[in-house]
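Visitor: model this:
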Amino acid sequence: MNKVILMGRLTKDPELRYTAGNNTAVCQFTVAVDRRFKSDNQPSADFIPVVAWRQTAEFVSKYFAKGSRIAVVGQIQTRTWDDDQGQKHYVTEVVAEEAAPVAAEDTVAEEAPVVDAE
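Guide: Numbers count the residues shown, from 1 in each chain. Below is the predicted model:
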């Protein structure tokens, strides 16, 4: 089973683009997820790259911005590619299947729908 559930904040505005071949929406963003244990009383976080496709991509780009709290459900994916200089690059990222806004503990969430990739 390959299932990931993340809750955190966007580190910058989501980047929405469309593929050249069939004009499919794809959105890339990074989620800062606080670690449960902090070192030396300093806040500590992991920065997880996420990619969303189709309706989920458009939903994230429309309703979220830098600093927004987000919950993501998806799968971990690894991929490689060679750049123009022949360097091989490796990426591990989460492919989002669902995305939803998360309210701060002392506020009520806005009325944004939850979008499922299916």
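
Visitor: switch to C-alpha atoms for all contacts and neighbour counts from now on
Guide: Will do.

Visitor: shouldn't residue 6 be in contact with residue 73?
Guide: Yes - between residue 6 and residue 73 a contact is recorded at 6.5 Å, counting by C-alpha atoms under 8 Å.

Visitor: Leaving aside the residues adjacent along the chain, what's closest to the residue nearest in space to the middle of the chain?
Guide: For the chain, the residue nearest the mean C-alpha position is residue 50 (3.4 Å; C-alpha atoms, centre = their mean). Nearest residue to residue 50 in three dimensions, chain neighbours excluded: residue 94, at 4.7 Å (C-alpha to C-alpha, 6 or more residues apart in numbering).

Visitor: and that neighbour, how many neighbours?
Guide: Using other C-alpha atoms under 10 Å, residue 94 has 23 other residues around it.

Visitor: dump the residue contacts of it.
Guide: With contacts defined as C-alpha atoms under 8 Å, 6 or more residues apart in numbering, residue 94 is in contact with 4, 48-51, 74-77.

Visitor: Buried among the residues you listed? Need that as a selection in ChimeraX.
Guide: Entered in ChimeraX, the line below selects the buried ones among those, by 16 or more other C-alpha atoms under 10 Å:
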select :48,49,50,51,74,75
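
Visitor: Much appreciated, bye for now.
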